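**Student:** fold the following and give me the result.
(one chain, ligands or ions: 1)
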Amino acid sequence: MARAAIPGRLIWQPATVAATRAETATARTLVLDVDGWTGHTPGQHIDLRLTAPDGYTAHRSYSISSASAPGRFEVTVQAVTDGEVSPYLVDVAEPGDRLEIRGPLGGWFVRRPADPRPALLIGGGSGVAPLMSMVRAATYPSRLLYSTRSPSEALYTEELAAARAADDGRLDVTYVYTRVAPPGWPVPPGRLDADALARVAWPRDADAVAFVCGPTGFVETVADLLVGIGHDPANIRTERFGPTGG
Ligand SMILES: Cc1cc2nc3c(=O)[nH]c(=O)nc-3n(C[C@H](O)[C@H](O)[C@H](O)COP(=O)(O)OP(=O)(O)OC[C@H]3O[C@@H](n4cnc5c(N)ncnc54)[C@H](O)[C@@H]3O)c2cc1C
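**Tutor:** Here you go, the predicted structure:
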């Protein structure tokens, strides 16, 4: 097939690490510059490929966490213990490094900025990354339910606190701590359950769309709970952060 016939998003393109930002002790945001990048729809991801000096390559998928912009986007990577790619991106990659990406990818787990429906965004761990792209881009109201092990592992804490404090009706944020809760937190740490979901869910007649992202088990549990509390299954979109690449 002629190269020109392959859609641009499926071709590996060079990307340059423009900056890095520590999010937690084990997670980092990479700002990537890509010539000709025209932007993305919140929720989409990219594939990222690393090549070793001996030619060995490894690629993994990462959600885009920034709002859409030409020429540049961000991904937030949580280091997986003993992982091949994520510890490199979190601990080693530095500004000026070159790698390859293809994308943006994905057409279902997306929130189009013109969609007027309210959104219920539910993230587990680094699954909050594509939801953050939606939060950063959205004009319409969102409720974010963020399940994290502990305050020290939560991503985007300051930005979410500022958005919440703005109290402009665009964003409401609720945390569920599964292992360690902050001092004085009203409920003991524990898994997200139907009661917590029901407290943040939009009224049934709001025609809300739910976006659920995180580890596979989290996503399946939450999708079942949403259906259980009466959310229309046709308005539930999921993204599973299982192992990728090969
Ligand atoms: C569509 C999509 C979007 C994604 N977006 C992000 C993102 O925004 N940020 C992010 O940090 N990750 C994201 N991931 C996960 C990412 O693609 C990698 O799987 C992850 O970084 C681990 O890669 P690794 O090479 O470090 O680990 P590997 O060398 O692939 O795996 C090492 C060990 O960890 C296990 N493992 C691998 N991945 C995971 C995982 N996700 N959870 C639990 N155990 C795992 C493997 O089974 C293996 O035992 C996404 C996955 C998908 C499918």
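
**Student:** going by C-alpha atoms from here, please, whenever you check contacts or count neighbours.
**Tutor:** Fine.

**Student:** and residue 158, how far is that from residue 137?
**Tutor:** Computed with C-alpha to C-alpha, to the nearest Å, the distance linking residue 158 and residue 137 is 17 Å.

**Student:** got it, and residue 22?
**Tutor:** 22 Å.

**Student:** rewinding a little: have a look at residue 158 and residue 137 and say which one is more surrounded.
**Tutor:** Set side by side, residue 158 and residue 137 show more neighbours around residue 137, with 17 against 11, by other C-alpha atoms under 10 Å.

**Student:** residue 210 falls within a strand, correct?
**Tutor:** Yes - assessed with DSSP: H, G, I helix; E, B strand; the rest coil, residue 210 lies in a strand.

**Student:** you'd agree it is up against residue 123?
**Tutor:** No - applying C-alpha atoms under 8 Å as the test, residue 210 and residue 123 come out as separate, 10.6 Å apart.

**Student:** wasn't residue 63 part of a strand?
**Tutor:** Yes - Residue 63 sits within a strand when classified using three-state DSSP.

**Student:** in the protein, which spans are strands?
**Tutor:** Counting by DSSP state E, the chain has strands at residues 13-24, 27-33, 45-51, 57-63, 72-78, 98-105, 119-124, 142-148, 171-177, 209-214, 236-240.

**Student:** check what pLDDT residue 5 gets.
**Tutor:** pLDDT for residue 5: 60.

**Student:** for residue 246, that is, sorry about that
**Tutor:** 56.

**Student:** re earlier: now the strands of the chain as JSON lines including mean neighbour count, distance to residue 185 and mean pLDDT?
**Tutor:** Output for those, formatted as JSON lines (neighbours: other C-alpha atoms under 10 Å; distance: least, C-alpha to C-alpha, whole Å; pLDDT from 0 to 100):
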{"stretch": "strand 13-24", "mean neighbour count": "18", "distance to residue 185": "21", "mean pLDDT": "98"}
{"stretch": "strand 27-33", "mean neighbour count": "22", "distance to residue 185": "24", "mean pLDDT": "98"}
{"stretch": "strand 45-51", "mean neighbour count": "19", "distance to residue 185": "34", "mean pLDDT": "97"}
{"stretch": "strand 57-63", "mean neighbour count": "19", "distance to residue 185": "30", "mean pLDDT": "97"}
{"stretch": "strand 72-78", "mean neighbour count": "23", "distance to residue 185": "25", "mean pLDDT": "98"}
{"stretch": "strand 98-105", "mean neighbour count": "20", "distance to residue 185": "38", "mean pLDDT": "97"}
{"stretch": "strand 119-124", "mean neighbour count": "26", "distance to residue 185": "19", "mean pLDDT": "97"}
{"stretch": "strand 142-148", "mean neighbour count": "24", "distance to residue 185": "14", "mean pLDDT": "96"}
{"stretch": "strand 171-177", "mean neighbour count": "19", "distance to residue 185": "9", "mean pLDDT": "95"}
{"stretch": "strand 209-214", "mean neighbour count": "26", "distance to residue 185": "23", "mean pLDDT": "98"}
{"stretch": "strand 236-240", "mean neighbour count": "18", "distance to residue 185": "29", "mean pLDDT": "97"}
